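[1] no letters, just coordinates:
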């Protein structure tokens, strides 16, 4: 088929003529964005389609690769919705045309998938994030076993090929350069394990304009992931890393949002333990590729303000992701998949269960000549406790010190102690942690509004000033912090590292809080 038009671009009128001649279609036609094709939405009565006309410089083999991908997913037994090919009137799935400049073009018609783009959905709930993960996992599953020569190609968006970004470090400086260097270092460090991960052809581009969401305003779900243009043969895990990188942009707590995506993905396509250990770094490297591409585009088009806007969410997420501890991310991803958060948990619990420890091993006697052994007296400071009464009493240092002092004298050698895994009210948690660097962690901005950490993750011990506190196991101090140490109300913290006979390392945190929970001099014990 020969069509006459002089421009490289395709106008809606030209697209309408192509649709009429090749498919006998007519109706409303609207241009759609596209990088490799000129795309148009055609509405013919109750039916809707996407007409895709290739650019002159696009390889016909690449378009055929894309078509083979769609055909493979369509006939798979995995419940994945993807565009189906509509044959031309001559029965061919791909049609060839030639423009008046002699440039060959490929034309194909795909069915339209109804819904909203992810970028148009607000709010993005945890359930929607899990739905995205499930759909991404289904797509990964549907592509298992597929292969094609062009899937093995050089692609700047392939995470396995992300080292190209090192050649452009000069584009960044200051904090941005530090963040890029940080993740480049980790990407290098994970290479031995990364190269051993399973590989397959993956979608590789579940960005917010390739994810289709149902119209349901109350319980929306992801119905499809479209545009297989960046599909590549690479580490299978990369597909999840890309999905997470785009899905958690703009979230106050990106790690919590990522857990939802991981949980949904794992439910559809089981993740392996070695993969979860590397996911944190791979999410970051997708963002590194994105901001590097944006920086290169800005050099080419310095006056294009849109390029500055598009890279801002990626940098915001990179900054937040840099602040997330990679071990915490690893354990969070394991928990999202129903695994024990720490891979060595059972081994540690087995060892800990064999230790014979007493309270007096931790808290010594303030008078070495005394034969009285310190005895713990339980203290209930949880929500609903009737020990003090009104909530205001728990934040009154004098009242609390008086009651604790009374407990410390009943019986002789008594030391008030307790609190591990207690649920406590926010004001009291703040009081407990007054002067400590963790005080601000009581309240945080969550993805669905403010969240409060109400679970007390420690054991409080109130003893008289000068009481010896012993490490229960041999270890060394790996961190120390002191604040306001000009007087007895100053706060201090020590972190000690220990090793089990089997070589496992664990830590003990010992904290002395500031004046918020210390008893006034002469009125009672000190925490």
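    Ah, there it is. Predicted, not measured: the structure shown is a model, and the values here were computed from it. Numbering: from 1, shown residues only.
[2] what's next to stretch 410-426, contact-wise?
    359, 363, 365, 372-383, 391, 394, 404, 407-408, 432, 442-443, 452, 454-463, 467, 525 (CB atoms under 8 Å, 6 or more residues apart in numbering). Just so you know, the C-beta spots here come from the backbone N, C-alpha and C atoms, and that holds for glycine as well.
[3] again with stretch 8-25
    1, 3, 5, 26, 29-31, 38, 40, 42, 44, 49, 51, 53, 55-56, 86, 88-89, 95, 97, 103, 107, 109.
[4] for the buried ones among the residues you listed, write the corresponding PyMOL selection.
    Burial among the contacts of stretch 8-25 is assessed by 16 or more other CB atoms under 10 Å; the matching PyMOL selection reads:
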select buried, resi 3+29+38+40+42+49+51+53+55+86+88+95+97+107+109
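[5] can you give me the helices for the stretch 51-200 of the chain?
    Residue ranges of the helices in the stretch 51-200 of the chain, as given by DSSP state H, counting those that start in this stretch, are 60-75, 126-142, 174-189, 191-195.
[6] redo these as TSV? Include mean pLDDT.
    Shown next, in TSV, are the helices of the stretch 51-200 of the chain (pLDDT from 0 to 100):
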stretch	mean pLDDT
helix 60-75	90
helix 126-142	98
helix 174-189	98
helix 191-195	98
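[7] ok, and the closest non-adjacent residue to residue 266?
    residue 337 (4.4 Å; CB to CB, 6 or more residues apart in numbering).
[8] so that neighbour makes contact with residue 279?
    No. Using CB atoms under 8 Å, residue 337 is not in contact with residue 279; the gap is 10.5 Å.
[9] secondary structure class for the most far-flung residue of the chain relative to its centre?
    Here the chain reaches farthest from its C-alpha mean at residue 369, the gap being 55.9 Å by CA atoms, centre = their mean. Put simply, residue 369 is coil when judged by DSSP: H, G, I helix; E, B strand; the rest coil.
[10] look up how far residue 331 lies from it.
    47 Å (CB to CB, to the nearest Å).
[11] out of residue 337 and residue 279, which sits in the busier spot?
    Taking neighbours as other CB atoms under 10 Å, residue 337 and residue 279 compare with residue 279 leading, 22 against 19.
[12] which residues does that one contact?
    237, 240, 241, 244, 262, 329, 330, 333 are the contacts of residue 279 under CB under 8 Å, 6+ apart.
[13] most neighbours among the residues you listed, which one?
    residue 244 (32 neighbours).
[14] is that one part of a helix or strand, or is it coil?
    helix.
[15] wait, isn't it in contact with residue 264?
    No. Using CB under 8 Å, residue 244 makes no contact with residue 264, being 10.8 Å away.
[16] quick one: low-confidence parts of the stretch 251-400 of the chain?
    304-310 (pLDDT under 70).
[17] need the contacts of residue 279 in a markdown table (columns: secondary structure and distance to residue 65).
    A markdown table is the format used below for the contacts of residue 279 (DSSP: H, G, I helix; E, B strand; the rest coil; distance: CB to CB, whole Å):
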| residue | secondary structure | distance to residue 65 |
| --- | --- | --- |
| 237 | helix | 22 |
| 240 | helix | 23 |
| 241 | helix | 23 |
| 244 | helix | 26 |
| 262 | helix | 29 |
| 329 | helix | 34 |
| 330 | helix | 35 |
| 333 | helix | 32 |
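[18] okay, those residues in CSV with distance to residue 129 next?
    CSV is the format used below for the contacts of residue 279 (distance: CB to CB, whole Å):
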residue, distance to residue 129
237, 18
240, 13
241, 15
244, 9
262, 9
329, 16
330, 19
333, 14
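[19] secondary structure element for residue 233?
    strand 232-235 (DSSP states H and E).
[20] brain fart, residue 48
    strand 47-54.
[21] anything in contact with each of residue 337 and residue 279?
    residue 262.
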